[in-house]
Structure formats: structure tokens, C-alpha cells
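Peer 1: coordinates for the following, if possible.
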Amino acid sequence: MAKKELPVLQNGTTATKKPKLKYDCSKCPGYCCSYDWIRINKRDIARLAKRFSLTFEQAEKKFTKYEKEYKARVLRHRKDHIFKSMCMFFDQENRNCTVYEHRPTTCREFPEETSCGYYNFLTWEREHQDDPEFIPLQV
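Peer 2: Numbering: from 1, shown residues only. I've put the predicted structure just below:
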């Protein structure tokens, strides 16, 4: 069998095949969205400002806060019934992101690997609890 050649991109580099992911975010209660500090950059704020028809300054004030300890802007949170708190853009009933197409860079890149530790833990727990909907509650 002939080996498939990967396409050459406009910049002259060869495209790389994306590795298969070993997790399914649609089966997760949004663990990564509960991280205390979800870093956001200026490009992310501009993207959200455009999505909500706000100025950059309005979006920055409404959606972010400056975290002194982290020395960076992070997304605001709100209380959650499963985790302590969640990103303000997380739909707590449907357990998904309400700004997925406009989500910050850090969310686009997460979990940076083909595997997600929380998903692995969750899958193991659901198998051992014999409950495909089981969610270990954070108290």
C-alpha cells in the first residue's frame, strides 16, 4: 500500500496529522471550566467583545478580573452546583460552553495532550460505580 503524503502548507511546511483524542468533552461535567484561573489575553477579550457587541474595555471589565497572585487577566466565575465555581460562560444546566466558537486560547489548547486526566478518572469512576452519568462531587 502506498504511503499517503501529507499536504504542503502555504508557508512551505508539511501539515502534520492530528493525533486521535482519547477523551470526549461532551461526556464531562466541565471540569476544566472549574479551574480557578482561566487565563485570557487581549486577543481573547477582543474576540468576546466582538461576540457580544461590546468595546474592548467593556468586555474586559464585564468578563475578566486581574488576578494579582497569577499576575494575569482571568475569566470571571460564578457558583456551580457540582464544582465550587465555574467560568461565567459555562451553561450549568447543559454542562457546556456558551461561547465555544469564541472561547479563549487557553480553552482551545486544553488539555494539550491526546489524553485528559480528569476524563480518565471520570470514565474509571463511572465504570466502577456502574453509572454512566456519575459525577464525583467536589465539596
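Peer 1: figure out the helix or strand that the residue lying closest to Pro132 once chain neighbours are set aside lives in.
Peer 2: Of all residues not flanking Pro132 in the chain, Arg126 sits nearest, at 5.5 Å (Cβ to Cβ, 6 or more residues apart in numbering). In short, each C-beta sits where N, CA and C put it, glycine included. Using DSSP states H and E, Arg126 sits in helix 117-129.
Peer 1: in that helix, which residues are buried?
Peer 2: 118-119, 122-123, 126 (16 or more other Cβ atoms under 10 Å).
Peer 1: what lies in contact with stretch 127-139?
Peer 2: 29, 34, 82-84, 121-122, 125-126 (Cβ atoms under 8 Å, 6 or more residues apart in numbering).
Peer 1: pLDDT weak spots in this structure?
Peer 2: Within the chain, the segments meeting pLDDT under 70 span 1-18, 137-139.
Peer 1: and the helices in it, which stretches?
Peer 2: Secondary structure of the chain (DSSP state H): helices at 42-51, 56-63, 105-109, 117-129.
Peer 1: out of those helices, which comes closest to Arg95?
Peer 2: helix 117-129 (12.2 Å; Cβ to Cβ).
Peer 1: on that earlier part again, among the helices of the chain, which is nearest Asp24?
Peer 2: helix 117-129 (7.2 Å).
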